[in-house]
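A.B. asks: next input, structure requested:
(one chain, ligands or ions: 1)
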Amino acid sequence: MEQKTQKNRTQIVATLAKVLAVFLVMSTLVACKSKEEPKEEEAAEKSTGSLIAVPNTATMTDIPEDQTLSGAGPSGNLFLVATPSPNPIPFQELVEFEVRVYEDAEHTKLAEGVKLDQVRPMMPAHGHGMKTKPEIEKIEDGVFRVHGMQFHMQGDGDDGAWTIDFLLRDAGQLEVIPFDLQCCRP
Ligand SMILES: [Cu+2]
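C.D. replies: Just a heads-up that it's a prediction; the model follows:
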């Protein structure tokens, strides 16, 4: 009887030791995991931070008097000039853009047969576009008028940062010409 109790006690101690050992191993694993997780988060923050390494420090007072957009397509064969009216762009008023597409960097020869497919305004920091839908009217070969654009948000930095993508179709080839635009000059 005495021996049996002694044996049981030994078994209980052995079991307790096992449980304690398993508990210790598990808590170590949990501790390691909880140490690792913030590291991953830190790394994620760092990589995101490096993506926006150049902060948007544009202020409304920096906005030029002439907000004409001018740039080349990725193929290097099309050159686009978009002039807003009124210029500079007024806040929350309807704006038209006259879009001229050229075949040369000197802007001497209008591009024939090019179609202005779409104009896409966006505020990247807020993930939204405009409340109005830009309507495209062809005036002549290479010349278009975009009606019904309205910049409904403005500010310094990201709060006033817009992007406008002009989508051109040239002989079935799509060319996207993106621009940055700050709204609006006080
Ligand atoms: Cu916005």
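
A.B. asks: wouldn't residue 177 be in contact with residue 77 here?
C.D. replies: No - contact between residue 177 and residue 77 fails when scored by CB atoms under 8 Å: they sit 11.6 Å apart. Just so you know, the C-beta spots here come from the backbone N, C-alpha and C atoms, and that holds for glycine as well.

A.B. asks: overlap in contacts, these two.
C.D. replies: Common neighbours of residue 177 and residue 77, counting by CB atoms under 8 Å, 6 or more residues apart in numbering, are absent.

A.B. asks: what helix or strand is residue 180 on?
C.D. replies: strand 173-182 (DSSP states H and E).

A.B. asks: report the buried residues of that strand.
C.D. replies: For strand 173-182, the neighbour count (16 or more other CB atoms under 10 Å) marks 175, 177, 179, 181, 182 as buried.

A.B. asks: close to the ion: what parts of this structure are there?
C.D. replies: 123, 126, 153 (CB under 5 Å from the ion).

A.B. asks: hmm, 6 Å instead?
C.D. replies: Neighbours of the ion within the chain, by CB under 6 Å from the ion: 123, 126, 128, 153.

A.B. asks: distance to residue 85, pLDDT and neighbour count added to those residues, as CSV?
C.D. replies: What follows is those, written out as CSV (distance: CB to CB, whole Å; pLDDT from 0 to 100; neighbours: other CB atoms under 10 Å):
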residue, distance to residue 85, pLDDT, neighbour count
123, 21, 98, 20
126, 25, 96, 12
128, 24, 98, 12
153, 20, 98, 18
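
A.B. asks: most widely separated two among those residues?
C.D. replies: 128 and 153 (8.6 Å; CB to CB).

A.B. asks: include pLDDT when you put the buried residues of strand 173-182 into a markdown table, please.
C.D. replies: Rendered in a markdown table, the data for the buried residues of strand 173-182 read as follows (pLDDT from 0 to 100):
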| residue | pLDDT |
| --- | --- |
| 175 | 97 |
| 177 | 98 |
| 179 | 98 |
| 181 | 97 |
| 182 | 97 |
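
A.B. asks: show me which of the residues you listed is closest to residue 73.
C.D. replies: Relative to residue 73, and with distances defined as CB to CB, the nearest of these is residue 175, at 3.9 Å.

A.B. asks: who's in contact with the nearest residue to the closest one once chain neighbours are set aside?
C.D. replies: Spatial nearest neighbour of residue 175, excluding adjacent residues (CB to CB, 6 or more residues apart in numbering): residue 73 at 3.9 Å. For residue 73, the contact set (CB under 8 Å, 6+ apart) comprises 79, 80, 168, 175, 176, 177.
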